[in-house]
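A.B. asks: Requesting a structural model of the entry that follows:
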Amino acid sequence: MRTGDPLPEAGDVLAALATGLWHWDTAAGEVTVDAEAARLFGLPAERSVFTEAQVRARLHPVDWNEITGVVRLAVAESTLAEVRIRIMDERGHVVRIVRSRSKPRFDPVRKTYELIGTLQEVAEPTPGTPAGRSAVTGDWRRSREAFLLDAGRALAEARSTEEVLRVAAGLSMPGFSPDGLAVFGVSGDRLTVIGHHGQPYNDMNPFVNMPLETDYPAAEVVRTGRAVYLSSPEQYRSRYPLTWPLAERFGRRSWAFLPLTVAGRPMGAWMAAFTYPVGFTPDERSVLTTVARMLAQALTRASAAETQRELTDGLQRTMLPVLGPEIPGMGVAARYVPTGGGLQVGGDWYDMIQLPGDRFALVIGDVQGHDVRAAGLMGQLRIALRAYAAEGHRPDAVLSRASHFFHGLAQSDDDPGDMRFATCYYAEVDPATGTVESARAGHLDPVVRMADGTALILATAGGLPLGIDPDSDYPTTRLALEPGDTLMMCTDGLVETGGHDLQTGWHRLRVILEEHDGGLEELADALVQAVHGPSSHHTTGPLADRREDDIALLLLCRQGEGCGCGESTVAVAPVRRTMLTVAQAEPARIATARQHLRDLLHDWPSEEQRDAAVLLLSEMLTNVLVHTDADALLVAEVAGEPGERRIRVEVTDSGDDLPHKRRPGEMASSGRGLILIELLADAWGVAPRGEGKSIWYEVYESTDPDEGPADGGGPAGGPETA
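C.D. replies: Okay, here's the model as predicted:
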């Protein structure tokens with residue numbers, strides 16, 4: 001051509017450059033191509049109109065899906081759609097790779113796309129080269145898919161905003177990786193910085209608390225919900241001249257600002273900045289857009305989880321009391337451990353209530369369920385118990401009133417079948433005497449750890465859980481703590497967590513109680529660690545599932561030698577004592593009494609003496625239930641230094657008839673009780689009381705394990721019997 005000659009037609013220029021034209025109308029389902037485009041598609045080299053199916057048969061299936069995705073993205077961002085396409089022959093072999101550049105349009109009325117673009121053959125890029133990394137086909141596509149899978153998994157596992165930002169900062173995108181990241185949030189009409197990576201914190205100060213009307217890319221993204229791509233500093237300077245000086249000092253060459261959108265609403269923006277030029281091809285934009293969507297979802301989940309944790313922590317601090325001031329002669333420790341997952345506050349609780357005088361009450365309980373309703377019911381029940389205790393009621397009256405109150409409270413209007421109940425143990429303590437008067441509503445029995453380390457379950461009288469029967473009765477049990485004794489009250493989570501039942505769970509805790517030699521706070525930590533610490537994985541229970549539940553724990557000690565929390569002001573000999581009431585209607589508690597005595601004598605050297613003491617106790621309790629109409633009160637104690645100890649067992653009843661020694665015949669079925677006591681006990685006696693009587697016996701410790709009970713022990717301290 002010479003200067004001044006007319007320019008050639010556009011079609012001639014494209015033909016000279018081996019570039020074809022194509023027009024795709026999704027409404028008509030037709031693709032119109034010129035001769036060069038038809039040749040590139042592997043069709044007859046002439047201007048033609050083909051159906052979508054005919055053209056699609058010539059394209060790699062993956063690339064067809066790629067085209068539709070790139071077209072939608074280009075329409076959303078008002079950019080060009082650029083994609084590499086593999087052309088296939090009839091046998092499914094790739095014959096060439098072409099590059100398509102087009103300007104798509106979307107008809108919102110017909111919901112159809114229309115695009116006009118060019119096709120040009122390109123060489124197969126070499127894997128690992130810059131061209132290979134920027135190509136849509138081949139290794140880059142596989143790397144991109146693997147990257148997105150890894151990124152999605154890592155972001156899904158992040159549980160806090162800090163973890164999400166750390167994962168985002170560590171993302172290594174295929175072919176291009178940002179050198180600086182920032183996540184912006186929205187607070188009212190201001191833009192805030194949630195987190196950033198790649199620049200000092202102070203350098204982000206100008207971007208903190210920025211008005212949304214500011215001429216800044218992140219603010220524009222939040223306002224419009226559309227991404228902003230800046231491929232060069234010149235482009236940044238021309239579009240955002242006011243804020244360019246703030247970004248210039250970071251030394252970046254390219255920037256991508258993408259909306260963080262959840263449920264169609266922008267919640268913030270994500271900035272990815274690069275120290276080298278990035279063209280932001282449709283494929284690179286697709287990767288960034290996908291990461292931004294995953295990042296938005298991860299931040300939303302993390303924010304919701306953090307809000308829930310803050311709410312539940314505040315609820316827990318509000319509902320669980322702070323133990324009162326120091327009590328002279330007493331020590332108190334408490335723990336609350338929520339279950340591992342879900343709501344961090346459930347139905348377990350404990351409380352300490354100051355009563356008139358120097359007395360105080362300890363309460364522990366568990367409302368059925370582990371949800372918001374259980375936590376709400378627990379809070380209301382705790383307030384009611386405080387109110388009834390403040391009125392001066394005894395333990396049995398406190399629980400009776402609480403049961404009536406909870407019965408009406410626990411009924412659900414929305415779900416009549418969702419009836420709740422609560423277990424509770426209420427104990428009034430007199431610090432001066434160590435006396436504990438308690439009532440129990442379906443809760444676990446307390447445990448006493450004596451001064452010498454012996455741990456026993458104290459069988460206490462009880463009634464139904466609160467809320468089942470509004471008119472339930474709750475008998476009172478009187479206990480006495482000796483100096484050095486520690487009383488443990490807990491919910492079933494401490495016993496049964498880890499697949500344990502009540503028996504195996506108690507054995508696990510008993511080891512901790514009897515072997516611990518530290519203070520009260522250390523003992524509380526040791527008991528919790530036995531359930532939730534590393535050792536719990538080696539002490540699993542017999543049940544198939546490892547059940548998890550909330551834990552509430554209360555420890556009360558009467559200061560003295562052996563408790564680890566203080567010394568008694570009065571020197572006393574070491575004593576173990578247990579008390580138990582056996583009612584006429586509860587003959588099965590005789591077996592409980594025998595077990596209590598065996599536990600009390602767990603370190604007694606002579607097995608024959610232990611068996612003899614248990615046999616005599618069983619005989620005495622059975623005699624009361626058979627020959628009187630009264631209940632039996634058992635008091636058993638071990639006193640003295642090791643090697644010189646004695647066991648004294650006393651059974652008291654309200655009957656007036658004193659027992660007499662008989663001479664039963666060979667076929668008689670009764671009358672041998674006192675004969676057994678005389679043969680097996682070292683000392684024994686019968687003593688009348690103001691109302692009723694008591695019979696007691698003593699066995700003195702034998703240092704020889706094979707030596708049996710003394711022979712011919714006579715009565716002492718009581719009337720002679722014939």
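A.B. asks: Count the neighbours of Lys445 for me.
C.D. replies: Not quite, residue 445 is Asp, not Lys. 18 (other CB atoms under 10 Å). To be clear about C-beta, it is placed using only N, CA and C from the backbone, and glycine gets the same treatment.
A.B. asks: Spit out the contact partners of Met210.
C.D. replies: By CB atoms under 8 Å, 6 or more residues apart in numbering, Met210 lies in contact with Arg190, Leu191, Tyr216, Ala219.
A.B. asks: Can I have the buried ones of these as a ChimeraX selection?
C.D. replies: Selection of the buried residues among the contacts of Met210 in ChimeraX, burial being defined by 16 or more other CB atoms under 10 Å:
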select :191,216,219
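A.B. asks: ok, which pair from the contacts of Met210 is furthest apart?
C.D. replies: Pairwise distances across these peak at 12.0 Å for Arg190 and Tyr216 (criterion: CB to CB).
A.B. asks: Gly685 reaches Glu678, doesn't it?
C.D. replies: No - between Gly685 and Glu678 there is no contact under CB atoms under 8 Å: 11.0 Å.
A.B. asks: higher neighbour count, those two?
C.D. replies: Comparing Gly685 with Glu678 by neighbour count (other CB under 10 Å), the higher total belongs to Gly685, at 20 against 17.
A.B. asks: Going by neighbour count, list what's buried in the strand or helix carrying the more buried one.
C.D. replies: Here Gly685 is covered by strand 683-688, with elements defined by DSSP states H and E. By neighbour count on 16+ other CB under 10 Å, the buried set for strand 683-688 is Ala683, Trp684, Gly685, Val686.
A.B. asks: my guess is the last one contacts Tyr697, does it?
C.D. replies: No - checked against CB under 8 Å, the pair Val686 and Tyr697 is beyond contact range at 10.2 Å.
A.B. asks: Beyond the helix or strand containing Tyr236, next helix or strand please.
C.D. replies: Here Tyr236 sits within helix 233-239, counting by DSSP H and E. Per DSSP H and E, helix 233-239 leads on to helix 244-248 as the next helix or strand towards the C-terminus.
A.B. asks: Go ahead and measure how far the next helix-or-strand element following that following helix is from the middle of the chain.
C.D. replies: Counting by DSSP H and E, the next helix or strand C-terminal to helix 244-248 is strand 254-262. Centroid separation for strand 254-262 versus its chain: 34 Å, with CA atoms, centre = their mean, to the nearest Å.
A.B. asks: Just the CA atoms of strand 254-262, as PDB, please.
C.D. replies: Written as PDB, here are the backbone C-alpha positions of strand 254-262 (Å, rounded to 0.1, in the frame of the first residue of the first chain):
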ATOM      1  CA  SER A 254      -1.300  -4.600  39.900                       C
ATOM      2  CA  TRP A 255      -4.400  -4.800  42.200                       C
ATOM      3  CA  ALA A 256      -7.600  -6.800  42.300                       C
ATOM      4  CA  PHE A 257     -10.400  -5.600  44.500                       C
ATOM      5  CA  LEU A 258     -13.300  -8.100  44.800                       C
ATOM      6  CA  PRO A 259     -16.600  -8.000  46.700                       C
ATOM      7  CA  LEU A 260     -17.100 -10.300  49.600                       C
ATOM      8  CA  THR A 261     -20.700 -11.200  49.000                       C
ATOM      9  CA  VAL A 262     -23.000 -13.300  51.200                       C
END
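A.B. asks: list the buried ones in it?
C.D. replies: For strand 254-262, the neighbour count (16+ other CB under 10 Å) marks Ser254, Trp255, Ala256, Phe257, Leu258, Pro259, Leu260, Thr261, Val262 as buried.
A.B. asks: Go ahead and confirm the first one touches Tyr276.
C.D. replies: Yes - counting by CB under 8 Å, Tyr276 is a contact partner of Ser254 at 7.2 Å.
A.B. asks: if I look at the closest residue to Val278 other than its chain neighbours, how far off is Tyr236?
C.D. replies: Distance criterion CB to CB, 6 or more residues apart in numbering; nearest residue to Val278, sequence neighbours excluded, is Ser254 at 4.0 Å. From Ser254 across to Tyr236, the span is 9 Å (CB to CB, to the nearest Å).
A.B. asks: For Ala361, list each beta-bridge partner.
C.D. replies: For Ala361, the beta-bridge partners under DSSP bridges are Ile353, Glu428.
A.B. asks: what number of residues lie near it?
C.D. replies: Counted with other CB under 10 Å, the neighbours of Ala361 add up to 21.
A.B. asks: Isn't it up against Ala389?
C.D. replies: Yes - Ala361 lies in contact with Ala389 (CB under 8 Å); the separation is 5.3 Å.
A.B. asks: so what sits against both of these two?
C.D. replies: Taking CB under 8 Å, 6+ apart as the contact rule, the neighbours common to Ala361 and Ala389 are Ile353, Leu355, Tyr426.
A.B. asks: quick one, what contacts the first one?
C.D. replies: This means Ile353. Contact partners of Ile353, counting by CB under 8 Å, 6+ apart, are Phe360, Ala361, Leu362, Val363, Leu385, Arg386, Ala389, Ala390.
A.B. asks: again, only using 10 Å
C.D. replies: 321, 324, 359-363, 382, 385-390, 398, 426, 428 (CB atoms under 10 Å, 6 or more residues apart in numbering).
A.B. asks: Distance of it relative to Thr486?
C.D. replies: 20 Å.
A.B. asks: following the lengthiest strand in the chain, which helix or strand shows up next?
C.D. replies: If you go by DSSP state E, the chain has its longest strand at strand 94-107. Counting by DSSP H and E, the next helix or strand C-terminal to strand 94-107 is strand 112-122.
A.B. asks: What residues sit buried inside that following strand?
C.D. replies: Tyr113, Glu114, Leu115, Gly117, Thr118, Leu119, Gln120.
A.B. asks: Now do it: distance to the chain's middle.
C.D. replies: 55 Å.
A.B. asks: Describe which strands it pairs with in its sheet and in which direction.
C.D. replies: strand 19-25 (antiparallel), strand 94-107 (antiparallel).
A.B. asks: Give me the mean pLDDT for the longest one.
C.D. replies: Same thing as strand 94-107. Regarding strand 94-107, the rounded mean pLDDT is 86.
A.B. asks: buried sites along that strand?
C.D. replies: Using 16+ other CB under 10 Å as the burial criterion, the residues of strand 94-107 that qualify are Arg96, Ile97, Val98, Arg99, Ser100, Ser102, Pro104, Phe106.
A.B. asks: Surely Gly29 touches Ala53?
C.D. replies: Yes - in this structure, Gly29 is within contact of Ala53 by CB atoms under 10 Å, at 8.4 Å.
A.B. asks: show me the residues around Pro277 that make contact.
C.D. replies: So Pro277 contacts Ser231, Ser232, Pro233, Arg253, Ser254 (CB under 10 Å, 6+ apart).
A.B. asks: Quick check: phi and psi at it.
C.D. replies: phi -70, psi 140 (degrees, to the nearest 10).
A.B. asks: The one 5 residues further on too?
C.D. replies: Dihedral angles phi and psi of Pro282 (degrees, to the nearest 10) take the values phi -50, psi -30.
A.B. asks: Kindly state the pLDDT recorded for it?
C.D. replies: 78.
A.B. asks: Spatially nearest residue to it (excluding sequence neighbours)?
C.D. replies: Pro282 sits nearest to Val70 (CB to CB, 6+ apart), 4.5 Å away.
A.B. asks: Which parts of the stretch 351-500 of the chain are strands?
C.D. replies: Taking DSSP state E, counting those that start in this stretch, the strands of the stretch 351-500 of the chain run over residues 360-367, 422-430, 435-441, 447-449, 455-457, 462-463, 477-480, 486-490.
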